[in-house]
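>>> no sequence on this one, just coordinates:
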């Protein structure tokens, strides 16, 4: 028992020393990012065979997005619409509109409020389905995945001699800020955003003054792309902090003008502990119930916990547990348990070994167990 504990402790210390650089997960601050775009794509198809018109169809799509993202204030608006019409008076359309808003009202006390609006319409229905959600919460729950990707890029550059020491804290935070702004780059530059996005990351690395060459080279660009887009390696989502919120969803209209229904109450809580850059624990809890005569008689509850072990791009272990409870008035509650264990081991140009196991059990149903093993090994 003592030997096992010693091995685990040594593993944690080794992992920590490998990732012991100038920045911690909790150093990350959400950058301000803002962009807006609107694009229209139209098409007209006409075909004639002799004196007979065989095709006369016009179609178009419209997409518009605008957002502002920061820690104290964030809002997002998105519109996607498409439609077509033919000479035979056959027409159809689809439209989806979503908007969300979140603001820390008392920043020093970590209180925030949020609202969401959604509308979905189709030509096969007489009216769109719409709903609005409002709520409030307390706490700070930060997505630091962009900083985790910056740290992974740094580890590649150190091992391959692109830089001769860890990046300064200010430099790696700037790189993480650029990575976080992927949506902004995509909105502003369209299909060419990747080139400009990576160029700006490389410029920050060069500006740090610790790059061995003035030009980082093709291999550096390749490593950045591999990390950003998950090519041959994984960077798991990284969070820190906690937050709880209570929300109220109000159905406004439904398809074909049917009765909208009663509001729904939901409670959510999230908590994440980043032990270091290789070890992370995440937990979530969700409970919802209708606000009518079935209040807390109809209940949907879900909870889960994740343990993440990530050592460079070679070893990746993620174990997850999920619990779900569905209780309907007058019926036996449904309880389900789900366990997943994923192991990923990768050495570039040599071996790629993966194991994925799942266990699930629902009440009054037999358990289900699945295991998948994959191996790719280059003999020569």
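Yep, that arrived. Model, not experiment: these values are computed from the prediction.
>>> The closest residue to residue 151 other than its chain neighbours in helix, strand or coil?
Residue nearest to residue 151 in three dimensions, not counting chain neighbours: residue 277, with 5.7 Å by C-beta to C-beta, 6 or more residues apart in numbering. The way it works is simple: take the backbone N, C-alpha and C, and place the C-beta from them, glycine included. Applying DSSP: H, G, I helix; E, B strand; the rest coil to residue 277 yields a three-state assignment of coil.
>>> burial measure for residue 277, as a count.
Each residue near residue 277 was counted by other C-beta atoms under 10 Å, and the total is 24.
>>> That one is in contact with residue 25, isn't it?
Yes - the criterion here is C-beta atoms under 8 Å, and residue 277 meets it with residue 25 at 6.9 Å.
>>> list the residues that contact both of the two?
When contacts are counted by C-beta atoms under 8 Å, 6 or more residues apart in numbering, the set common to residue 277 and residue 25 consists of residue 148.
>>> what's the distance between the helix or strand hosting residue 268 and the middle of its chain?
Secondary-structure assignment from DSSP states H and E places residue 268 in strand 264-274. Here strand 264-274 is found 16 Å from its chain centre; the criterion is C-alpha atoms, centre = their mean, to the nearest Å.
>>> what sits up against it?
The set of residues external to strand 264-274 that reach it, using C-beta under 8 Å, 6+ apart, is 24-26, 135, 137, 141, 144, 238-249, 280-291, 295.
>>> just stretch 160-172 next, same as before
Residues from elsewhere that reach stretch 160-172 (C-beta under 8 Å, 6+ apart): 21-23, 27, 147, 150-151, 154, 156-158, 175, 204-205, 207-208, 210-213, 216-217, 219-220, 223.
>>> which of the residues in it are buried?
Using 16 or more other C-beta atoms under 10 Å as the burial criterion, the residues of stretch 160-172 that qualify are 162, 163, 166, 167, 171, 172.
>>> Tell me how far the second one lies from residue 359.
Between residue 163 and residue 359 the computed distance is 43 Å (C-beta to C-beta, to the nearest Å).
>>> likewise the third one?
From residue 166 across to residue 359, the span is 40 Å (C-beta to C-beta).
>>> got a list of what residue 59 touches?
Residue 59 sits next to 42, 43, 44, 45, 82, 83, 84, 85 when contact means C-beta under 8 Å, 6+ apart.
>>> Need the residues you listed in CSV (columns: neighbour count).
CSV is the format used below for the contacts of residue 59 (neighbours: other C-beta atoms under 10 Å):
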residue, neighbour count
42, 9
43, 10
44, 9
45, 11
82, 15
83, 15
84, 17
85, 15
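>>> Do a quick rundown of the strands in the protein.
Secondary structure of the chain, counting by DSSP state E: strands at 33-49, 52-69, 73-86, 91-106, 111-122, 129-143, 239-253, 264-274, 279-290, 299-311, 315-327, 334-347, 351-362, 368-377.
>>> on contacts alone, who are the packing partners of the third one?
The elements that strand 73-86 packs onto, with contact taken as 3 or more C-beta pairs under 8 Å, 6 or more residues apart in numbering; DSSP states H and E, are strand 52-69, strand 91-106.
>>> Distance to residue 312 added to those strands, as a markdown table?
Written out in a markdown table, the entries for these read as follows (distance: least, C-beta to C-beta, whole Å):
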| stretch | distance to residue 312 |
| --- | --- |
| strand 52-69 | 30 |
| strand 91-106 | 35 |
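>>> per-residue pLDDT, the closest residue to residue 202 other than its chain neighbours?
With sequence-adjacent residues excluded and distances taken as C-beta to C-beta, 6+ apart, residue 202 is closest to residue 216, at 5.3 Å. If you check residue 216, the pLDDT there is 83.
>>> Also the one 10 residues further on?
Model confidence at residue 226, given as pLDDT, is 92.
>>> Return the residues in contact with it.
Neighbouring residues of residue 226 by C-beta under 8 Å, 6+ apart: 232, 233, 313.
>>> Residue 139 contacts residue 241, doesn't it?
Yes - the pair residue 139 and residue 241 qualifies as a contact (C-beta under 8 Å) at a distance of 6.6 Å.
>>> hang on, the earlier thing: so which of the contacts of stretch 160-172 are in helices?
Secondary structure of the contacts of stretch 160-172 is defined by DSSP state H; positions in helices are 147, 150-151, 154, 156-158, 175, 204-205, 207, 217, 219-220, 223.
>>> quick one: which of those residues has the most company?
residue 150 (30 neighbours).
>>> ok, that one - contacts?
Each residue near residue 150 by C-beta under 8 Å, 6+ apart is listed here: 172, 173, 175, 176, 179.
>>> run the last query once more with 6 Å
With C-beta atoms under 6 Å, 6 or more residues apart in numbering as the criterion, the residues that contact residue 150 are 172, 175, 176.
>>> The first one and residue 69: what is the separation?
When you say that, I think you mean residue 172. The gap separating residue 172 from residue 69 is 20 Å, by C-beta to C-beta.
>>> lowest average confidence, helix or strand, in the protein?
Counting by mean pLDDT, DSSP states H and E, the weakest-scoring helix or strand in the chain turns out to be helix 2-18, with a mean of 44.
>>> No further questions, thank you.
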